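Student: okay, structure incoming, though there's no sequence with it:
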């Protein structure tokens, strides 16, 4: 793993998010309650972007497309493809249930750093 600079810490105010490209990856950085999270910006279900996903009160992000829900800290699946009604279960079988990739973060010298695999 290697720590990589992304954004200035003050560029990501609480309640905001930003997509950054690092090592051919599209990462979504989120500042939720002054906690910085870095997650894969692509939902593992159908490879659609998560940037507009809703963050829940218990610390999960919900895919805006099919409402798969993932824990921001671990990437674990909380719910898999619950939308649209009736056909959500069918759409959920398009791909096997997979965790969302999450990456460690830290703030150092006013910069947000993300720990990426080498």
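Tutor: Okay, I see it. Because the structure is a prediction, the values reported are computed rather than measured.
Student: show me where the chain has helices.
Tutor: Using DSSP state H, the helices of the chain run over residues 88-92.
Student: quick one: low-confidence parts of it?
Tutor: Residues of the chain meeting the criterion pLDDT under 70: 1, 82-95.
Student: how are the strands of it distributed by residue range?
Tutor: Here the chain has its strands, by DSSP state E, at 2-8, 17-22, 25-32, 35-40, 54-55, 60-62, 69-71, 77-79, 102-103, 105-108, 111-116.
Student: dump those strands to CSV, plus mean neighbour count and distance to residue 96.
Tutor: Bear in mind the C-beta positions are built from the backbone N, C-alpha and C, glycine included. Rendered in CSV, the data for those read as follows (neighbours: other Cβ atoms under 10 Å; distance: least, Cβ to Cβ, whole Å):
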stretch, mean neighbour count, distance to residue 96
strand 2-8, 15, 30
strand 17-22, 15, 26
strand 25-32, 19, 21
strand 35-40, 20, 16
strand 54-55, 14, 24
strand 60-62, 23, 19
strand 69-71, 22, 15
strand 77-79, 17, 10
strand 102-103, 20, 19
strand 105-108, 13, 28
strand 111-116, 19, 25
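Student: if anything else comes up later, I'll come back, but that's it for now.
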